[in-house]
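Enquirer: quick one: sequence and predicted model below, then my questions.
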Amino acid sequence: MARIAGAYAYLLPALNSLPVKSTPTTLSLPRLMGLDRNYSSSSSSSKISMSLKAGIVGLPNVGKSTLFNAVVENGKAQAANFPFCTIEPNVGIVPVPDNRLQVLSHLSKSLKTVPASIEFVDIAGLVKGASQGEGLGNKFLSHIREVDSILQVVRCFEDNDIVHVNGKVDPKSDIDVINLELIFSDLDQIQKRMEKLKKGKAKDSQSKLKEESERSALEKIEQALMDGKPARSVRLTDFEKEAIRQLCLLTMKPVIYVANVAETDLAEPENNPHVKEVMGLASELESGLVTISAQVEAELTELPPDERTEYLKSLGVNYSGLGNLIRATYDLLGLRTYFTSGEKESKAWTILAGMTAPQAAGVIHSDFEKGFIRAETVAYDDFVTAGSFAAAREKGLLRSEGKEYVVQEGDVMLFRFNV
Ligand SMILES: Nc1ncnc2c1ncn2[C@@H]1O[C@H](COP(=O)(O)OP(=O)(O)OP(=O)(O)O)[C@@H](O)[C@H]1O
Ligand SMILES: [Mg+2]
């Protein structure tokens with residue numbers, strides 16, 4: 001029997017309708033495997049879950065937990081002025097802000113509105129020598145290994161009362177320390193893996209091929225790491241990427257630098273020379289940059305909504321920086337959004353760039369992918385112009401797409417499938 005899904009998708013267990021609250025322990029959600037910006041159609045979409053983890057890392061006492069608590073409103077991470085305040089990682093799930101979803105929900109008079117989500121993890125401070133077990137050592141590098149992207153908080157605020165573990169505010173040195181520790185940890189892992197590969201003998205030609213790809217990838221990455229460059233800067237073939245995926249190298253993960261500034265710098269952060277320095281480094285290291293005051297963001301969450309705008313205005317800014325940060329993290333992960341919208345529910349679904357219509361349907365439920373017939377699709381702007389699916393159909397704005405269709409950012413979709 002052919003059925004239509006989309007507006008009726010609420011009937012099925014939703015992968016990303018997770019509660020918006022912080023939880024004290026890591027959730028055992030299936031995770032995105034690998035972070036190719038373009039989804040390769042050879043991979044199975046069953047590997048993909050749309051709750052992605054962004055790890056907040058940095059030196060001790062730079063504002064990581066303060067930022068985490070602000071991002072995950074009512075987060076319960078302890079934030080205090082002493083190094084190594086955080087030991088066990090704190091985890092929280094955060095909705096991805098998207099104005100389009102509110103518009104769709106309004107047009108469809110939806111009873112429920114469900115945004116996409118990202119999981120944030122507040123990790124302990126990392127110090128020089130962590131890869132050799134210094135500070136809280138290897139345990140924390142292993143927490144970083146589990147995340148899909150890294151937000152590195154870099155202290156750019158001067159405050160003599162807040163201890164800096166290295167004695168002074170120096171973003172370049174802070175960034176170098178963290179990068180070196182990640183590089184050492186990756187080198188260690190690569191060398192161990194190479195030893196293993198030397199001993200092991202591949203049984204068949206396919207495993208032999210895989211081992212060869214792995215070996216060549218490891219050699220290229222090792223060279224880059226020795227030159228102080230992250231693994232993500234190395235150009236690899238698809239085979240090579242696949243062959244080293246299970247190693248979860250730390251420097252392969254995409255990074256956003258979060259310049260944590262004083263409230264007085266919020267209006268014109270580029271006037272702060274520390275921020276300028278971080279900007280330069282971020283582009284050198286092929287990474288993103290967001291400027292924020294973790295302290296201000298944390299204070300904002302304590303205020304009632306109407307007083308927030310006033311407080312921000314008093315600091316010379318119009319918006320909180322958190323939305324930007326969450327959005328930037330989402331974009332950095334190469335994620336795309338499509339929507340389903342009906343009376344029961346309007347919902348944002350997360351997919352990887354390049355996913356086809358059946359794969360996108362599979363994010364809602366594997367049956368949608370298996371029994372996929374066609375997708376009725378309308379671009380977000382066209383949906384808004386028409387006002388509804390029915391009106392879009394009448395105006396000829398609705399397209400019927402088949403198995404090969406690559407879902408576009410903002411598509412509003414209805415799936416026809418067989419069960
Ligand atoms: N932008 C800022 N301006 C001024 N003070 C700040 C700012 N951001 C954070 N702080 C202060 O810095 C101190 C350390 O913050 P926090 O506990 O969040 O650091 P952390 O990086 O999580 O430390 P640890 O690694 O020890 O867990 C706190 O007293 C916090 O209020
Ligand atoms: Mg902390």
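Expert: That came in fine, so what should we check first? Please read all numbers here as calculations on a predicted model, not as lab measurements. Numbering: from 1, shown residues only. Ligands and ions are numbered 1, 2, ... in the order given.
Enquirer: identify the residues contacting the closest residue to I292 other than its chain neighbours.
Expert: Of all residues not flanking I292 in the chain, G321 sits nearest, at 4.0 Å (CB to CB, 6 or more residues apart in numbering). Any C-beta I mention is one placed from the backbone N, CA and C, and that applies to glycine too. Residues near G321 by CB atoms under 8 Å, 6 or more residues apart in numbering: 266, 290-293, 297.
Enquirer: just these: which are in helices?
Expert: Applying DSSP state H to those, the entries found in helices are E297.
Enquirer: let's see if you can find the most crowded of the contacts of G321.
Expert: Of all the contacts of G321, the highest neighbour tally under other CB atoms under 10 Å goes to S293, namely 28 neighbours.
Enquirer: tell me how far the residue nearest to I292 lies from L289.
Expert: 12 Å (CB to CB, to the nearest Å).
Enquirer: check A282 too.
Expert: Plainly put, A282 is 4 Å away from L289 if you go by CB to CB.
Enquirer: anything in contact with each of these two?
Expert: Taking CB under 8 Å, 6+ apart as the contact criterion, the common neighbours of A282 and L289 are Y257.
Enquirer: overlap between the contacts of G321 and the residues near ligand 1?
Expert: S293 (CB under 6 Å from any ligand atom).
Enquirer: poorly predicted segments of the stretch 201-350 of the chain, please.
Expert: Across the stretch 201-350 of the chain, the ranges flagged by pLDDT under 70 are 202.
Enquirer: how does it look with 80?
Expert: Counting by pLDDT under 80, the stretch 201-350 of the chain shows low-confidence ranges at 201-203, 286, 332-334.
Enquirer: again, but for the stretch 51-200 of the chain
Expert: Using pLDDT under 80, the flagged stretches of the stretch 51-200 of the chain are 51-52, 73-89, 124-140, 163, 165-167, 200.
Enquirer: what ranges do the strands span in it?
Expert: For the stretch 51-200 of the chain, the strands defined by DSSP state E, counting those that start in this stretch occupy 52-57, 90-95, 112-114, 117-122, 149-155.
Enquirer: now the stretch 201-350 of the chain
Expert: With DSSP E, counting those that start in this stretch as the criterion, the stretch 201-350 of the chain has strands at 255-260, 288-292, 335-341, 345-352.
Enquirer: so for ligand 2, which of the ones you listed sits nearest?
Expert: strand 255-260 (12.4 Å; CB to the ion).
Enquirer: what about that closest one and ligand 2, touching?
Expert: No. Strand 255-260 lies out of reach of ligand 2 by CB under 5 Å from the ion, never closer than 12.4 Å.
Enquirer: got a list of contacts for that strand?
Expert: Applying CB under 8 Å, 6+ apart, the set of residues contacting strand 255-260 is 56, 62-63, 67, 149-157, 171, 175, 230, 269, 274-275, 278-279, 281-282, 285, 287-294, 325, 328-329, 332.
Enquirer: spell out which residues of the stretch 251-400 of the chain are next to ligand 1.
Expert: Counting by CB under 6 Å from any ligand atom, the stretch 251-400 of the chain sits next to ligand 1 at 260-262, 293-295.
Enquirer: closest one of those to ligand 2?
Expert: Closest approach to ligand 2 among these (CB to the ion): A294, at 10.6 Å.
Enquirer: if we can go back for a sec, the strands of the stretch 201-350 of the chain: which one's closest to I123?
Expert: Counting by CB to CB, I123 lies closest to strand 255-260 out of the strands of the stretch 201-350 of the chain; the figure is 13.2 Å.
Enquirer: report the distance from the closest one to the chain centre.
Expert: Strand 255-260 sits 13 Å away from the centroid of its parent chain (CA atoms, centre = their mean, to the nearest Å).
Enquirer: now do that strand against strand 149-155, angle only.
Expert: Angle, strand 255-260 to strand 149-155, by axes from the mean of the first three to the mean of the last three CA atoms, to 10 degrees: 30 degrees.
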